[in-house]
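Undergrad: Generate a structure from the sequence data that follows.
(chains A and B)
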2 protein chains.
Amino acid sequence: MQTVSIIGAGNVAFHLTKAFIQNKVQVQQIYNRTLTKAEKIGKLNNIKYTNEISLLEKADIFILAVADKAIEEASLLIPFKDAMVVHVSGAMPLNTLKGNYRKGVFYPLQTFSVNRLLNYNEIPFLIEAEQANDEQILIDLAKQISDKAAVINSQQRAEIHLSAVWGCNFVNHLYYLAQQTADEAGVPFEYLLPLIKETANKINHLSPKEAQTGPARRVDKVTIEKHLSLIKDTFYKDIYNKLSNSIIKTYNNEL
Amino acid sequence: MQTVSIIGAGNVAFHLTKAFIQNKVQVQQIYNRTLTKAEKIGKLNNIKYTNEISLLEKADIFILAVADKAIEEASLLIPFKDAMVVHVSGAMPLNTLKGNYRKGVFYPLQTFSVNRLLNYNEIPFLIEAEQANDEQILIDLAKQISDKAAVINSQQRAEIHLSAVWGCNFVNHLYYLAQQTADEAGVPFEYLLPLIKETANKINHLSPKEAQTGPARRVDKVTIEKHLSLIKDTFYKDIYNKLSNSIIKTYNNEL
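TA: Numbering: from 1, shown residues only, chains lettered A, B, ... in the order given. Reported below is the predicted structural model:
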């Protein structure tokens, strides 16, 4: 079995370490520049930790669970030629890794916040490596955690990362706008939560195209105008307009 | 106990009837212009149904579960002066109801698709009536189904409906754009579903503002530019730009 070490101690490092330990993957060590953060994850999982790069032990796979902009710098820290080093970013190309070793990407398609309990076995791992053999090693590693793992290329990963921005980051911003609007109405945002949950659940059974409802779907211009009149900020008004028009455009040939 | 009759046989009528029957509310009758649709819901719930307005029986409360644009016409069908008649729309004012009877609004804040199993006790009912006594009757009716019911005025309802457009209708459209992007990448959309679920779940524990992640949140202009280069359609490119800028604007004073 491959041994794994984690570089970094943020949310992705926290969850990946926990997922590996839960699934009996041998985690050799966790390294982080700030010792207290490495210590926290190390102690939680009963694994070795350090902030001294000279104390970094050999492992089969080093996972750079660091911010996109820190990948290159972190990649230069690993001195083991016969190791594999992977980053976990959806956005960064494989060649962001600059050291002298085998290279790969181990991208978990999930949003990680530190205090969330996650079903790790549901997280898809999207894999890339320079060599087919390493792709297989990463697939095998991913499958120790999760039911879903697939090899994709850099172009596909960039597109899936974009897809995740639509389906996660931008969606969360719309939750923010929904909350601001509920606040203005003087209605608790928690009243929106069952609707938000059902909207997310529904697309497990219907395609988003089939699941679409609302004023723009039925080209209800009276309601759209009324909503626009309620939005004071011209910036948000513009977003409302654009999204409504985009929905109308989606179904345009079907009316 | 108040008796209820349902006018209409669409998704809202389907679910409200089921929710009432499950909770031992006496449903007198269901009326719909097309008999087969009324029959389907009637037989499922073992209640009377008709498409003949002359056979409409007296009930305490008539719920017009019809499309917004059909409310006014349907409201003219109810000949009982001492009944209360309510519509279920988030968007339409109370005075859309034109008959000679007591008037109200019984707005369930949820998205209804016919084949979905819903926890009716989670659905907030937002109530409005001309008279305080009728507000209380509608609150009592809602509380037979649900844990959450509140009286709000027309202005608040319009704003909450707008909030629901942000948090449900527009969110679903972003799911559609996420799916289109996954399709282009050749990656199954189901790979996005755990991320979408976690994004919706997370805001039960964090505010949307705290939960925000992604390139725009960290003002990662390289990734934003890369994503824009992947979006061929200028219309969608514009939406990506607007939403990114809106996120950046949200946190602007905090950088």
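
Undergrad: mind checking the SS state of the closest residue to A:L162 other than its chain neighbours?
TA: Nearest residue to A:L162 in three dimensions, chain neighbours excluded: B:H227, at 4.7 Å (CB to CB, 6 or more residues apart in numbering or on different chains). Backbone N, C-alpha and C define where each C-beta goes, glycine included. At B:H227 the chain is in helix, as set by DSSP: H, G, I helix; E, B strand; the rest coil.

Undergrad: OK, contacts around B:H227?
TA: Contact analysis of B:H227 by CB atoms under 8 Å, 6 or more residues apart in numbering or on different chains lists A:158, A:161-162, A:165, B:215, B:240.

Undergrad: from those residues, which is closest to B:F189?
TA: Nearest to B:F189 among the contacts of B:H227: A:L162, at 13.5 Å, using CB to CB.

Undergrad: Now do the same for the closest one: its pLDDT.
TA: pLDDT, the model's per-residue confidence, is 98 for A:L162.

Undergrad: circling back to that earlier point, next one, pLDDT for the residue nearest to A:L162 please.
TA: So B:H227 comes in at 96 (pLDDT).

Undergrad: Next one: it from B:G186, what distance?
TA: 18 Å (CB to CB, to the nearest Å).

Undergrad: One more: A:A216?
TA: 29 Å.

Undergrad: ok, those two, which is more surrounded?
TA: Set side by side, A:A216 and B:G186 show more neighbours around A:A216, with 27 against 12, by other CB atoms under 10 Å in any protein chain shown.

Undergrad: my read is the more buried one is in a strand, agree?
TA: No - counting by three-state DSSP, A:A216 is not part of a strand but coil.

Undergrad: How about the contacts made by the nearest residue to A:V165 once chain neighbours are set aside?
TA: Of all residues not flanking A:V165 in the chain, B:G214 sits nearest, at 5.6 Å (CB to CB, 6+ apart). Counting by CB under 8 Å, 6+ apart, B:G214 touches A:165, A:168-170, A:172, B:247.

Undergrad: What's the per-residue pLDDT of B:G214 here?
TA: Looking at B:G214, the pLDDT reads 92.

Undergrad: ok, now A:R217?
TA: So A:R217 comes in at 94 (pLDDT).

Undergrad: how close does it get to B:A67?
TA: 12 Å.

Undergrad: just A:L228 next, same as before
TA: Distance from A:L228 to B:A67, counting by CB to CB: 21 Å.

Undergrad: same question, A:G186
TA: For A:G186, the distance to B:A67 - CB to CB - is 28 Å.

Undergrad: Same check on A:D60?
TA: 61 Å.

Undergrad: A:E52 too?
TA: Taking CB to CB, one finds A:E52 at 68 Å from B:A67.

Undergrad: These two - which one has more neighbours?
TA: Using other CB under 10 Å, the more surrounded residue of A:E52 and B:A67 is B:A67, with 14 against 8.

Undergrad: tell me the pLDDT at that one?
TA: The model's pLDDT for B:A67 equals 92.

Undergrad: pretty sure it contacts B:G10?
TA: Yes - judged on CB atoms under 8 Å, B:A67 makes contact with B:G10 at a distance of 7.3 Å.

Undergrad: Can you give the distance from the helix or strand A:N201 falls within to the centre of its chain?
TA: In the assignment (DSSP states H and E), A:N201 maps to helix A:193-202. Averaging C-alpha positions (CA atoms, centre = their mean, to the nearest Å) puts helix A:193-202 20 Å from its chain's average.

Undergrad: now for it, which elements pack on it?
TA: helix B:171-185, helix B:193-202 (3 or more CB pairs under 8 Å, 6 or more residues apart in numbering or on different chains; DSSP states H and E).

Undergrad: would you turn these into a markdown table with mean neighbour count and distance to B:E135?
TA: Output for the helices and strands packed on helix A:193-202, formatted as a markdown table (neighbours: other CB atoms under 10 Å in any protein chain shown; distance: least, CB to CB, whole Å):
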| stretch | mean neighbour count | distance to B:E135 |
| --- | --- | --- |
| helix B:171-185 | 23 | 31 |
| helix B:193-202 | 22 | 32 |
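
Undergrad: Dump the ones you listed to TSV, plus mean pLDDT.
TA: Shown next, in TSV, are the helices and strands packed on helix A:193-202 (pLDDT from 0 to 100):
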stretch	mean pLDDT
helix B:171-185	97
helix B:193-202	96
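
Undergrad: Minimum distance to A:E198: which of those has it?
TA: Per CB to CB, nearest to A:E198 of these: helix B:193-202, 9.3 Å.

Undergrad: So what touches the helix or strand following that closest one?
TA: Going down the chain from helix B:193-202, the next helix or strand is helix B:208-211, by DSSP H and E. Contact partners of helix B:208-211, identified using CB under 8 Å, 6+ apart, comprise A:113, A:172-173, A:175-176, A:178-179, B:199, B:202-203, B:250.

Undergrad: Going by distance to B:N32, which of the residues you listed wins?
TA: A:A178 (32.5 Å).

Undergrad: Please identify the helix or strand for A:N245.
TA: Going by DSSP H and E, A:N245 is part of helix A:234-250.

Undergrad: Give me the pLDDT value at the spatially closest residue to A:K24 that is not a sequence neighbour.
TA: Nearest residue to A:K24 in three dimensions, chain neighbours excluded: A:Q144, at 7.5 Å (CB to CB, 6+ apart). Note on A:Q144: pLDDT of 97.

Undergrad: before we move on, which element is A:Q144 in?
TA: Assigned by DSSP H and E, A:Q144 falls in helix A:132-145.

Undergrad: Across the sheet, point out what pairs with A:I127.
TA: A:F106, A:V151 (DSSP bridges).

Undergrad: What pLDDT does the model give it?
TA: Looking at A:I127, the pLDDT reads 98.

Undergrad: Any idea how many residues pack against it?
TA: Quick note: A:I127 (other CB under 10 Å) scores 24 neighbours.

Undergrad: now do A:L64
TA: By other CB under 10 Å, neighbour count at A:L64 equals 29.

Undergrad: ok, it to B:T34 distance?
TA: 61 Å.

Undergrad: What pairs with the strand or helix carrying A:I30, parallel or antiparallel?
TA: A:I30 is part of strand A:26-31 when elements are defined by DSSP H and E. Taking DSSP bridges as the criterion, strand A:26-31 forms sheet pairs with strand A:3-7 (parallel), strand A:48-50 (parallel).

Undergrad: Need the winner for burial among these.
TA: strand A:3-7 (a mean of 25; mean count of other CB atoms under 10 Å in any protein chain shown).

Undergrad: what sits up against that one?
TA: A:13, A:16-17, A:20, A:25-32, A:41, A:56-57, A:59-66, A:74, A:77-78, A:141.

Undergrad: before we move on, what about stretch A:167-178?
TA: Counting by CB under 8 Å, 6+ apart, A:111, A:189, A:192, A:196, A:236, A:239, B:163-164, B:166-167, B:170-171, B:174-175, B:177-178, B:192, B:195-196, B:199-200, B:202-203, B:208-209, B:211-217, B:240, B:243, B:246-247, B:250 sit against stretch A:167-178.
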